[in-house]
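Peer 1: Below is the sequence, then the predicted model.
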Amino acid sequence: MNPYKINKALLYEHPVKTTPENVKEANEGLFNCTMTLPAAAKHCGMTKKEMKLTFFEFLKYNPVTYKPE
């Protein structure tokens, strides 16, 4: 038995269904800097470009949470 043999069945990532809850969690993660853009896109089942567009819309309609000096 070869210990370096790769099981291709384990490499497949199952697609994630995009739901409003997943998108909300990802946008809040991006806004609070607890998620990176690729991780947030993967969490939602979107591409990076789709996640960027969604996040820009999120920024338009949500107020800032910090106090500028």
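Peer 2: Right, received. Where do you want to start?

Peer 1: Could you find the closest non-adjacent residue to E25?
Peer 2: Nearest residue to E25, sequence neighbours excluded (Cβ to Cβ, 6 or more residues apart in numbering): H43, at 6.8 Å. For every residue, glycine as well, the C-beta is placed using N, CA and C.

Peer 1: name the element that neighbour belongs to?
Peer 2: helix 37-44 (DSSP states H and E).

Peer 1: Show me what whichever helix or strand comes after that helix is packed against.
Peer 2: Note on helix 37-44: by DSSP H and E, the next helix or strand toward the C-terminus is helix 48-61. On a contact count with 3 or more Cβ pairs under 8 Å, 6 or more residues apart in numbering; DSSP states H and E, helix 48-61 meets helix 20-31, helix 37-44.

Peer 1: Distance of the residue sitting nearest the centre point of the chain relative to K5?
Peer 2: With distances taken as Cα atoms, centre = their mean, the residue of the chain nearest its centroid is A40 (1.1 Å). From A40 over to K5 the distance is 34 Å, taken as Cβ to Cβ, to the nearest Å.

Peer 1: can you check T36 too?
Peer 2: 32 Å.

Peer 1: and the two? which has more neighbours close in?
Peer 2: T36 (11 against 7; other Cβ atoms under 10 Å).

Peer 1: and that one, what pLDDT?
Peer 2: In the prediction, the pLDDT value recorded for T36 is 96.

Peer 1: Need phi/psi at it.
Peer 2: Note on T36: its backbone torsions stand at phi -90, psi 160 [degrees, to the nearest 10].

Peer 1: And E13, by the same measure?
Peer 2: phi -100, psi 130.

Peer 1: since we're on it, how many residues are nearby?
Peer 2: So E13, with other Cβ under 10 Å, has 6 neighbours.

Peer 1: for F31, what are its contacts?
Peer 2: F55, F58, L59, N62, T65 (Cβ atoms under 8 Å, 6 or more residues apart in numbering).
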